[in-house]
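> I'd like to go over a predicted model; first the sequence, then the structure.
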Amino acid sequence: MKKIFVVLSVVAFLVACGDDDSWSPSDADNSRSSSVIPGSDPESSSAEKNKSSSSSADKEESSSSSVALAVPCKTETEDNCEYDSLTDERDGQTYKTVKIGSQWWMAENLNYDDSTVTPSLSARSWCRDEVDKGCEVAGRLYTWAAAMDSVKTGCGYGVNCSPTLPVQGICPRGWHLPDSTEWETLFIVVGNRNSAGTALKTQSGWLDNNGTDAFGFSALPVGHGGSEDYGYTTKFWTATEGATGGAYYMSLNRIYESAGLGGISKEQAFSVRCVKD
């Protein structure tokens, strides 16, 4: 009887410990919604993970009742979306912005790289190698520490900082790094998470399944690593911290029509889109 108790205790301990690279929404310090897809990488999931169960569909329908849906404003021949521009006073770069529902989003990836003014960027941000897909088109790739401006916030690798939201991070003044719930709001506003990938992806550039870009978000398939992944995927950081050593990110993939939120190591380098305060 004692042997059985010991074995069961060990099993319970191992289950409770889990894996830092794979965690559920309840593990995230600032996660406040069960619609986040758990796991270390939503793209590595099977296609079945991208289909809603009836219960998750009910939750999404319930959530959407309190959020006004945006009307598609862009087709292959017309573009009637509400655009504006943002000039980053730190370096003078200008970015296209777009209103989707009640949120104003950057419609281009951030390309700020002054590590003298912002020391958090030192050795934590870079461009892609290919000239035609470099920073002018794809923006820069940032580690989570760079995206969160670790020197100011203390949010870097190997520490749990539990940041107070919203976090400006590396974004221009008046804008901030979106947390996971703001990405979830975007998914709902453009329809639902299962079709958000199609709605947010650009109309060209993806190796398979180009998007409709129906709301002017214009997510390019810039990848997140070497040049070989251009055309396949794009990933954006959130300001939501997860298990030790991890943070949440938003992902779009050439295979799926859906958009995903998952957790991964803070040392990875992804794109940044800012949302207006």
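That came in fine, so what should we check first?

> going forward, measure contacts and count neighbours with C-alpha atoms only.
OK.

> what segments of the protein are strands?
83-87, 94-100, 103-106, 125-126, 141-142, 175-176, 233-241, 246-253, 260-265, 275-276 (DSSP state E).

> apart from its chain neighbours, what residue comes closest to the residue sitting nearest the centre point of the chain?
Nearest to the centroid of the C-alpha atoms of the chain, with distances taken as C-alpha atoms, centre = their mean, sits M250, at 2.6 Å. Among residues not flanking M250 along the chain, L261 sits closest, at 4.6 Å (C-alpha to C-alpha, 6 or more residues apart in numbering).

> ok, back up a step: would JSON lines of the strands of the chain with distance to H224 and mean pLDDT be doable?
Shown next, in JSON lines, are those (distance: least, C-alpha to C-alpha, whole Å; pLDDT from 0 to 100):
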{"stretch": "strand 83-87", "distance to H224": "24", "mean pLDDT": "98"}
{"stretch": "strand 94-100", "distance to H224": "21", "mean pLDDT": "98"}
{"stretch": "strand 103-106", "distance to H224": "19", "mean pLDDT": "98"}
{"stretch": "strand 125-126", "distance to H224": "11", "mean pLDDT": "86"}
{"stretch": "strand 141-142", "distance to H224": "7", "mean pLDDT": "94"}
{"stretch": "strand 175-176", "distance to H224": "21", "mean pLDDT": "98"}
{"stretch": "strand 233-241", "distance to H224": "6", "mean pLDDT": "95"}
{"stretch": "strand 246-253", "distance to H224": "10", "mean pLDDT": "96"}
{"stretch": "strand 260-265", "distance to H224": "13", "mean pLDDT": "94"}
{"stretch": "strand 275-276", "distance to H224": "20", "mean pLDDT": "98"}
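
> so which of those strands is the most surrounded?
A comparison of these by mean neighbour count, using mean count of other C-alpha atoms under 10 Å, puts strand 141-142 on top with a mean of 30.

> so what's the nearest residue to V189 once chain neighbours are set aside up against?
For V189, ignoring the flanking residues on the chain, the nearest one in space by C-alpha to C-alpha, 6+ apart is L69 at 4.4 Å. With contacts defined as C-alpha atoms under 8 Å, 6 or more residues apart in numbering, L69 is in contact with 101, 188-191.

> how about 10 Å then?
By C-alpha atoms under 10 Å, 6 or more residues apart in numbering, L69 lies in contact with 100-102, 185-192.

> so T97 sits right up against S85, yeah?
Yes. In this structure T97 lies within contact range of S85 using C-alpha atoms under 10 Å: 5.2 Å.

> which residues do the two both contact?
Joint contacts of T97 and S85 (C-alpha under 10 Å, 6+ apart) are 106-107.

> re the thing from before, against N209, how distant is the residue nearest to M250?
Noted for L261: a distance of 20 Å to N209, by C-alpha to C-alpha, to the nearest Å.

> can I get the strands of the chain in TSV with distance to G223?
Shown next, in TSV, are the strands of the chain (distance: least, C-alpha to C-alpha, whole Å):
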stretch	distance to G223
strand 83-87	24
strand 94-100	20
strand 103-106	18
strand 125-126	13
strand 141-142	9
strand 175-176	22
strand 233-241	5
strand 246-253	9
strand 260-265	15
strand 275-276	21
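
> rewinding a little: whichever of the contacts of L69 end up buried, select them in ChimeraX.
Selection of the buried residues among these in ChimeraX, burial being defined by 16 or more other C-alpha atoms under 10 Å:
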select :100,101,185,186,187,188,189,190,191,192
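
> closest to V272 out of the contacts of L69?
For the contacts of L69, the residue nearest V272 by C-alpha to C-alpha is L186; the value is 15.2 Å.

> who are the contact partners of the closest one?
67, 69-70, 100-103, 105, 180, 192-193, 196, 200.

> tell me which of the residues you listed is nearest to C81?
Nearest to C81 among these is I100, at 8.4 Å by C-alpha to C-alpha.
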